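Engineer: what shape does this take:
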Amino acid sequence: TLFPYTTLFRSVQLICSVALGGILVMLCLGRLAFILPPLDWFSHFPGTALVGSLVLTGLLACIRFWKGVWLGIATILLSVILLAGPYLGSDSTLDGTMESNLVVATANVLASNTRLDEVTAILPDADVISLIETTSPWSRVLPAMKDRWPFQWSDLRDNPFGISVLTRSDVRSSEWIMLTPGGFPAFKLQINVDDVPVTILSVHAMSPQSMHMLSMRDAQFRMLSELIQEIARNL
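Structural biologist: Numbering: from 1, shown residues only. Model (predicted):
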């Protein structure tokens, strides 16, 4: 009478263990993109991997398959590390003595989004804000925001590559940059923060959804890398 349950437990053990192994391999492959660039596809899903690992590890713990649980714990830890890594900032500071904070924000407002008034209502009170994927309907909304951000630059496009940059800070210089290949806009802004020049780049590179798009994205990153190396400090 125990045979069906034994078979079920073994099936759960096998399926969950294989799935956890697959997640672990996927996370590790994403770290090897510097060797083989297409592996970068695997580096974008640590959040999904964390949720999946928690569910699978919980199932294995319920049936007391401890070998699989240890595999799940390893996968969970790696997912957490990959998620937390980008938020562990450096201790570098701006040149000079900064008496006031500089708040910079960015928001991808989604080209297909029609609820523009709701978006503007929840924008943070930043000194400089970059809106990504701004389309032609934003021409109605942006002028009404000049009381908060009097200096505005926009390249509105009815595709996912429009950009609008708004600031209330003391502007030293501003410049549009075309990311090649593709000719998509990016924006370079230099402002004063307590008489210290600070450069801000607003960028929306190609999304790597195919091999061709991945190669375009990498070419744009190489272009940005060269540009960044020409900027002295405070970027």
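Engineer: who touches stretch 175-186?
Structural biologist: 153, 155, 157, 161-163, 187-189, 201-206, 216, 219-220, 223-224, 227 (Cβ atoms under 8 Å, 6 or more residues apart in numbering). (C-beta placed from N, C-alpha, C; glycine too.)
Engineer: mind listing which of the residues you listed are in helices?
Structural biologist: Among the contacts of stretch 175-186, the ones falling in helices (DSSP state H) are M216, A219, Q220, M223, L224, L227.
Engineer: Throw those residues into a markdown table and include pLDDT, distance to L14 and neighbour count, thanks.
Structural biologist: Below are the ones in helices among the contacts of stretch 175-186 laid out as a markdown table (pLDDT from 0 to 100; distance: Cβ to Cβ, whole Å; neighbours: other Cβ atoms under 10 Å):
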| residue | pLDDT | distance to L14 | neighbour count |
| --- | --- | --- | --- |
| M216 | 92 | 41 | 20 |
| A219 | 94 | 43 | 16 |
| Q220 | 95 | 43 | 20 |
| M223 | 94 | 48 | 17 |
| L224 | 93 | 45 | 16 |
| L227 | 92 | 51 | 17 |
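Engineer: just put the residues you listed in TSV and tack on distance to V119.
Structural biologist: Converted to TSV, the ones in helices among the contacts of stretch 175-186 look like this (distance: Cβ to Cβ, whole Å):
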residue	distance to V119
M216	28
A219	31
Q220	26
M223	29
L224	26
L227	29
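Engineer: tell me the one of these nearest S174?
Structural biologist: S174 has its nearest neighbour among these in L227, at 14.8 Å by Cβ to Cβ.
Engineer: picking that back up, which one of the ones in helices among the contacts of stretch 175-186 sits closest to P124?
Structural biologist: Out of the ones in helices among the contacts of stretch 175-186, the member with the shortest distance to P124 (by Cβ to Cβ) is L224, at 24.8 Å.
Engineer: verify the stated contact: the closest one with V203.
Structural biologist: Yes: the pair L224 / V203 is scored as a contact, 6.5 Å apart, by Cβ atoms under 8 Å.
Engineer: what about the helix ranked longest in the chain, distance to the chain center?
Structural biologist: The longest helix of the chain (DSSP H) is helix 3-30. Put simply, helix 3-30 sits 30 Å off its chain's centre (Cα atoms, centre = their mean, to the nearest Å).
Engineer: which elements pack onto that helix?
Structural biologist: helix 46-62, helix 66-84 (3 or more Cβ pairs under 8 Å, 6 or more residues apart in numbering; DSSP states H and E).
Engineer: give me the mean pLDDT for it.
Structural biologist: On average, the pLDDT along helix 3-30 is 88.
Engineer: buried residues in it, which are they?
Structural biologist: V12, Q13, C16, S17, A19, L20, I23, L24, M26, L27, L29, G30 (16 or more other Cβ atoms under 10 Å).
Engineer: what's the angle from that helix to helix 46-62?
Structural biologist: 150 degrees (axes from the mean of the first three to the mean of the last three Cα atoms, to 10 degrees).
Engineer: can you find the helix or strand in this structure with the smallest mean pLDDT?
Structural biologist: Least confident helix or strand, the chain: helix 3-30 with a mean of 88, by mean pLDDT, DSSP states H and E.
Engineer: taking helix 66-84 as reference, get the angle to it.
Structural biologist: 30 degrees.
Engineer: below-threshold pLDDT in the chain: ranges please.
Structural biologist: 1-5, 89-100 (pLDDT under 70).
Engineer: make it 90
Structural biologist: 1-12, 33-45, 63-64, 85-102, 169-170, 181-183, 193-196, 207-215, 231-233 (pLDDT under 90).
Engineer: which ones are touching M206?
Structural biologist: Taking Cβ under 8 Å, 6+ apart as the test, what M206 contacts is G182, F184, M213, M216, R217, Q220.
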